[in-house]
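Q: Okay, sequence plus prediction incoming.
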Amino acid sequence: MKEFIQNLPKAELHLHIEGTLEPEMMFELAQRNDIDLPYESVSQVKEAYNFEDLESFLDIYYQGSQVLQQERDFYDLTWAYLEKAASQNVRHTEIFFDPQSHTDRGIAFETAYRGIYQALQDGKAKFGISSQLILSFLRHLSQDEAFATLKQALPYKDTMVAVGLDSAEQGNPPSKFKEVFDKARAEGFLTVAHAGEEGPPEYIWEAIDLLKVSRIDHGVRSMEDPKLLDYLVEKQIPLTVCPLSNVELKVFDSMAKHNLKQLLNLGICATVNSDDPSYFGGYIAENYQAAQSALDLSRQEIYQLAKNSFQASFLPPESKHKLITEVDEYCGLAIET
Ligand code: ADE
Ligand code: ZN
């Protein structure tokens, strides 16, 4: 099963590039940029990754991002992720970046954007991994600040598929960002939003009704609202679920209590993703693996998750069809042998 998962063609749709910063690279970049870290060693960093909830994670995550200073740092970060993704047969990836966590500390929007974008271009050439960028607004900041970020992104809008909404969910509902999402859609962006990770099902409804999202990031608290579940199934609005993240941030007490299998078996277009892999102990294959063993997912269910990942992507229909055919062939062969 481990090998089956590793080699399975898959898409990753919920990945914060800043969340792929491995402790080793954190030290390397701190040295390169002459930055003092509050840690003595890699093992001390790992010890600090012991989270009580989303907020306690975000403090450490934003602190880690401070070592990212030059275009080259963003390039190296993204390249390291792509190497890992290629080794796990990720064929397509849709990557969030948080410009505000960089511009707010004096790093130009272009510095982050260009480094990430160039690595994605090179990743397509070297590994054949297609990719899309999603500009994510930090929801603990104001809508005006999100508008300013959107304005900075407009010259590059043809290279970004969507806008998203992340950071501290509780108390920062999607409704706070309705107008900036309206503007983003008018400019041609698709929309997604983190909702129902820690926040209530009402936030998922708001993301759908007010922000007109194509997908919900996380969305696991939809389980508390039967009408919402019916709606997600009927409209096939995908959920980008992140199993290891949810356990690390105490959304579920253990992987055995995760609702991924239930969501999938209700007919929801659930997908598996890694969120912030360097902080939560695993990339996409480890997420599939952890969910598979704790929830006893069958090969058929793993196959469905991989198909959903392409179905839920922002790829054009022909590419979706081609990649889903690859999944069909891979699973057909793998199940027979
Ligand atoms: N930023 C990075 N990871 C996040 C998550 N899981 N939820 C909200 N904001 C995030
Ligand atoms: Zn996330």
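A: That came in fine, so what should we check first? Just so we're clear, the structure is a prediction, and the values are computed from it rather than from any experiment. Ligands and ions are numbered 1, 2, ... in the order given.
Q: For S175, give me its contacts.
A: Neighbour list for S175: E206, L210 [criterion: C-beta atoms under 8 Å, 6 or more residues apart in numbering]. (Each C-beta comes from the backbone N, C-alpha and C, glycine too.)
Q: distance of it from ligand 1?
A: Relative to ligand 1, S175 is positioned 17 Å away (C-beta to the nearest ligand atom, to the nearest Å).
Q: again, but for E197
A: The separation that E197 has from ligand 1, given C-beta to the nearest ligand atom, amounts to 5 Å.
Q: Off-centre distance for the helix or strand of the chain with the lowest mean pLDDT?
A: None of the helices or strands of the chain scores lower by mean pLDDT, DSSP states H and E than helix 317-336, at a mean of 88. Distance of helix 317-336 from its chain centroid, counting by C-alpha atoms, centre = their mean, to the nearest Å, is 23 Å.
Q: Now do it: which elements does it pack against?
A: Packed against helix 317-336 by the contact rule (3 or more C-beta pairs under 8 Å, 6 or more residues apart in numbering; DSSP states H and E) you find strand 90-97, helix 299-311.
Q: With respect to burial, which of the ones you listed scores highest?
A: Burial of those is given as mean neighbour count (mean count of other C-beta atoms under 10 Å); strand 90-97 ranks first at a mean of 25.
Q: Only alpha carbons, please: show that strand as PDB.
A: What follows is strand 90-97, C-alpha atoms only, in PDB (Å, rounded to 0.1, in the frame of the first residue of the first chain):
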ATOM      1  CA  VAL A  90       2.600  14.800  -7.800                       C
ATOM      2  CA  ARG A  91       1.700  15.600 -11.300                       C
ATOM      3  CA  HIS A  92       0.000  19.000 -10.700                       C
ATOM      4  CA  THR A  93       0.100  21.400  -7.800                       C
ATOM      5  CA  GLU A  94      -1.800  24.500  -6.800                       C
ATOM      6  CA  ILE A  95       0.300  26.500  -4.400                       C
ATOM      7  CA  PHE A  96      -0.800  29.200  -1.900                       C
ATOM      8  CA  PHE A  97       1.600  32.100  -1.100                       C
END
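Q: need the residues of the stretch 101-250 of the chain near ligand 1, please.
A: With C-beta under 6 Å from any ligand atom as the criterion, the stretch 101-250 of the chain comes near ligand 1 at residues D166, S167, H194, E197, S245.
Q: Ligand 1: which of those is nearest?
A: D166 (3.5 Å; C-beta to the nearest ligand atom).
Q: Identify the bridge partners of the closest one.
A: Beta bridges link D166 to L138, judged by DSSP bridges.
Q: K183 sits in which helix or strand?
A: helix 178-186 (DSSP states H and E).
Q: in stretch 258-274, what counts as buried?
A: Residues of stretch 258-274 classed as buried by neighbour count (16 or more other C-beta atoms under 10 Å): 258-261, 263-264, 266, 268-274.
Q: Model confidence score at the closest residue to E52 other than its chain neighbours, please.
A: Among residues not flanking E52 along the chain, K250 sits closest, at 6.4 Å (C-beta to C-beta, 6 or more residues apart in numbering). Confidence at K250, expressed as pLDDT, is 97.
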